[in-house]
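Participant: give me a model of this one.
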Amino acid sequence: MERIILDVDTGLDDAVAIFLAAGLSEIRIEALIATAGNVGLDRTLENTLNIAEVSGLTCPVYAGSSAPLVRARVEAGDFHGESGLDGPVFEKRVRQKAQEASGIDAMIALVMDNPHQITIVSVGPLTDLAIAIQRERRLAELAKGFVIMGGSFSRGNVTSEAEFNTYADPEAAKIVFASGANIVLFSLDCTRTVTLSPTRLDSYRTRPGRCNEVFVACMDSYTANYTKRGQGEPQMHDPLCIAYLADPTKVALSHWPVDVVTLDGPSYGKTVKVAQGKPISVAESIDIPWFWSLMDRALAALP
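Facilitator: So this is what the prediction gives:
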């Protein structure tokens, strides 16, 4: 079983990643950490708590960073909605409340107390992970690995060259990629290939369960936003990181040292393959029918 810390800026595809991790027997979520990203921290934390409650998760939920290391904060609320999770409606929570402790301190403690057993999955800006590495340099060595959604080696999605998560905190991404950790990176070049068709989305509408209902509401909103922008079918970015941990053999990888452009200019936030440094495992492709079979199994196992 893969024990993970899931660091999220909970928007529409983050919610799907949480559902996938919560519903798969191969994964155990040790902690959820909400960071600022798609929207501000107050909203990403609220969204994370709501999805955790619906999923029946009992793991602790923490607040992480409220702002990037250096740059001014950017958001993607125009895509995920004002709340960051527009679509589903949530009832008042009964169980889930945020922990008072810092999510970054909790990340460090979990890894240090469980050396080589905890994988950190980061599907938002890498601020929390970068700060944790700066506070405890052994984190990169003692974590089992980092699985990250971010970057693009071709076309960006927030600028012509940069993907949102790395653009939202390029300085943090640079620290993480240079940390020496065992890193698997899911860039847009892979995640854009996994999309949710209208036919597949319709197939979920008649399935039972509150999580399935929330999934459909999220994906209706996600689909509408893609359609409004003429960008085709919605892309399943964040959940691919969870799917990889369920069975790494279903993902084809290449291996390159990776850096991030942090100089002001049109390439700010772009991920680049470089000649020197520890190679990072870069996802090139994933077994798409298998991914959807995992999604089906996870939602069927959830309330």
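Participant: so which residues of the protein form helices?
Facilitator: Counting by DSSP state H, the chain has helices at residues 12-23, 41-55, 77-80, 103-113, 127-135, 139-142, 164-168, 170-177, 188-191, 198-204, 210-228, 239-246, 288-301.
Participant: so which of those helices comes closest to Arg155?
Facilitator: Nearest of those to Arg155, taken as C-beta to C-beta: helix 188-191 at 7.3 Å. Every residue, glycine included, has its C-beta placed from N, CA and C.
Participant: contacts for the closest one, please.
Facilitator: 149, 151-157, 163, 235-237, 240, 282-286 (C-beta atoms under 8 Å, 6 or more residues apart in numbering).
Participant: what's the answer for stretch 133-142, then?
Facilitator: Stretch 133-142 has contacts (C-beta under 8 Å, 6+ apart) with 104, 107-108, 111-112, 115-116, 132, 146, 175-176, 179-181.
Participant: my guess is Asp52 contacts Cys59. True?
Facilitator: Not Asp; residue 52 is Ala. Yes - here Ala52 reaches Cys59: they are 7.4 Å apart, a contact under C-beta atoms under 8 Å.
Participant: filter the contacts of helix 188-191 down to the buried ones and hand me the ChimeraX line.
Facilitator: A single ChimeraX command is used to select the members of the contacts of helix 188-191 judged buried by 16 or more other C-beta atoms under 10 Å:
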select :149,151,152,153,156,157,163,235,236,237,240,282,283,286
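Participant: in strands only, show me the contacts of helix 188-191.
Facilitator: 149, 282-286 (DSSP state E).
Participant: could you find the closest non-adjacent residue to the most centrally placed residue in the chain?
Facilitator: Nearest residue to the geometric centre of the chain (C-alpha atoms, centre = their mean): Val123, 1.9 Å. In this structure, Val123 finds its nearest non-sequential neighbour in Asp238, 3.9 Å apart by C-beta to C-beta, 6 or more residues apart in numbering.
Participant: touching, that neighbour and Val147? I think so.
Facilitator: No - if you go by C-beta under 8 Å, Asp238 and Val147 don't touch, sitting 10.5 Å apart.
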